[in-house]
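1. the sequence and its predicted three-dimensional model are supplied below.
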There are 2 protein chains.
Amino acid sequence: MAEHTSDKKIALVLLSGGLDSATCLAIARSQGYECYAISFEYGQRHDSELQAAERVVNALGAKELKTIHINMGDIGGSALTDKAIDVPESPTEGIPVTYVPARNTVFLSLALGWAEVLDADAIFIGVNAVDYSGYPDCRPEFIEAFERLAALATKRGVEGNPISIQAPLLHLSKSQIIHKGIALGVDYGLTVSCYQADAEGRACGKCDSCRLRQEGFRQAGVADPTRYC
Amino acid sequence: MAEHTSDKKIALVLLSGGLDSATCLAIARSQGYECYAISFEYGQRHDSELQAAERVVNALGAKELKTIHINMGDIGGSALTDKAIDVPESPTEGIPVTYVPARNTVFLSLALGWAEVLDADAIFIGVNAVDYSGYPDCRPEFIEAFERLAALATKRGVEGNPISIQAPLLHLSKSQIIHKGIALGVDYGLTVSCYQADAEGRACGKCDSCRLRQEGFRQAGVADPTRYC
């Protein structure tokens, strides 16, 4: 088990390279945490997300960025990891095909593993239950259930000092998230939210994630710095 | 989402290639489930476990065996994934260094993803809280917490038909597990439990896992079919 190298609290931030997780890193830093960041290469359609995660870490600062590779595409079942399923370009009913089965559970679990090695105090995740895509694993009750699980699953939890799961964007609208991030110095031009960004990280402007992001900037009254195809 | 191809209930069984998970697969089959199996290549010291998982599937039967690759070794913190940490060859106090941070949480999460795609009714995991190594993620309360999480994390849970997490070995001693497996036709000579088996799958006979297994066969009054170095 790693020892804390300073008196600072330690946070591990899940970083996708998108708008929400970049804001989340800025919030964790503003709360005085020494931050580590974790990204996932899980068979998503492009790696411009991962390049965005690196840009965000370089701009905002983090002690280390680690990328975990998992072949979730082999599991299938999602338009984000299965090229045979198209990303929808207009709103759909119910849980959309871009939902990756158990994705946040998998990401939080892997973060939990590294958090335990780092002896981290908190894991930050940028899930949002307001302007979101209707994924079951973005809801407050999911986050609470994961925190309970984490307390039971880990050495630190057994020793009575569980890792907390922080989801500071949970109840914010996209425009509130943008206002908060701008106040904390986030450059959203570095981030990529699009489900099917091209190799240069340019967004399609049509998918669910692009639509939520565009609407967020519009409502926030802030110029949208996104680069579109 | 896949449709059931028969009226049979579907189970996804976590299969490490060891004694417990092989028994677990036999139990799921005996309960009438159509079985799929999932293994993990996560940076463990050797791949003889994975070869054992294949042998077990060939002997007992499963519709498909999928191996998920994750670089958990990059996270470190365990003697099983970090070659700089020795596997202890005598009993230790507390949670041992062979504990892989959050391993069962990660494995169950990835299984949950595939289970959702398969539209599986249950996930079977061979954890055991009697003759075990003191890992926090082998306790009944951990399994219950994961089941609660799974109900919240998935499409199927949202629709009121959650995936159940079955841990049929949870309260059995190693010798009871062996008796049950033999009654169900498990050939334990195919399995590898050792933390540091050699390339041919021969066990060291000294690590915690070997000691528990040897003691199990002794107490069960059954000849130990394990191949030792």
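-> Done, it's in.
2. quick check: phi and psi on A:Ile123?
-> phi -110, psi 130 (degrees, to the nearest 10).
3. what sits up against the helix or strand where A:Leu50 lies?
-> For A:Leu50, the host element (DSSP states H and E) is helix A:48-60. Contacting residues not belonging to helix A:48-60 are listed as A:15-18, A:21-22, A:25-26, A:29, A:37, A:39, A:41, A:65, A:67, A:185-187, A:190-192, A:197-201 [CB atoms under 8 Å, 6 or more residues apart in numbering or on different chains]. (Each C-beta comes from the backbone N, C-alpha and C, glycine too.)
4. for ChimeraX, write the select line for the buried members of the residues you listed.
-> In ChimeraX, this line selects whichever of the contacts of helix A:48-60 come out buried by 16 or more other CB atoms under 10 Å in any protein chain shown:
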select /A:15,16,17,18,21,22,25,26,29,37,39,41,65,67,186,190,191,192,197,198,201
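5. okay, and which of the contacts of helix A:48-60 map to helices?
-> A:21-22, A:25-26, A:29 (DSSP state H).
6. just the angle between the helix holding A:Leu50 and helix A:19-30, please?
-> 30 degrees (axes from the mean of the first three to the mean of the last three CA atoms, to 10 degrees).
7. buried set for helix A:48-60?
-> So, applying 16+ other CB under 10 Å, buried residues of helix A:48-60: A:48-57, A:59-60.
8. kindly report the same for stretch A:156-174.
-> Within stretch A:156-174, the residues scored as buried using 16+ other CB under 10 Å are A:156-158, A:162-163, A:165-170, A:172-174.
9. of those, closest to chain B?
-> A:Val158 (4.8 Å; CB to the nearest CB).
10. thought B:Cys138 was touching that closest one, still the case?
-> No. Using CB atoms under 8 Å as the test, A:Val158 is too far from B:Cys138 to be in contact (11.6 Å).
11. on that earlier part again, restrict the buried residues of stretch A:156-174 to contacts with chain B.
-> A:157-158 (CB under 8 Å from any CB of the partner chain).
12. just the buried residues of stretch A:156-174: which are in helices?
-> A:156-158, A:174.
13. and for A:Asp7, the neighbour number?
-> 6 (other CB atoms under 10 Å in any protein chain shown).
14. show me the strands in chain A, by range?
-> Chain-ordered strands for chain A, with DSSP state E as the definition, fall at A:10-14, A:34-41, A:65-69, A:122-124, A:164-166.
15. could I get these as JSON lines with mean pLDDT?
-> Below are these laid out as JSON lines (pLDDT from 0 to 100):
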{"stretch": "strand A:10-14", "mean pLDDT": "98"}
{"stretch": "strand A:34-41", "mean pLDDT": "95"}
{"stretch": "strand A:65-69", "mean pLDDT": "92"}
{"stretch": "strand A:122-124", "mean pLDDT": "98"}
{"stretch": "strand A:164-166", "mean pLDDT": "98"}
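16. among the ones you listed, which is nearest A:Ile143?
-> strand A:164-166 (5.7 Å; CB to CB).
17. if we can go back for a sec, greatest separation within the ones in helices among the buried residues of stretch A:156-174: which pair is it?
-> A:Val158 and A:Lys174 (38.5 Å).
18. what's the closest non-adjacent residue to A:Val192?
-> Spatial nearest neighbour of A:Val192, chain neighbours left out: A:Ala52 (4.2 Å); criterion: CB to CB, 6 or more residues apart in numbering or on different chains.
19. any idea how far A:Glu200 is from the one you found?
-> Look at A:Ala52 and A:Glu200: by CB to CB, to the nearest Å, they are 11 Å apart.
20. now do the contacts for A:Ala223.
-> A:Phe217.
21. so what's the gap between the helix-or-strand element of chain A with minimal mean pLDDT and the chain middle?
-> In chain A, no helix or strand scores lower on mean pLDDT, DSSP states H and E than helix A:155-158, which sits at a mean of 85. Helix A:155-158 has its C-alpha centroid displaced from the chain centroid by 25 Å (CA atoms, centre = their mean, to the nearest Å).
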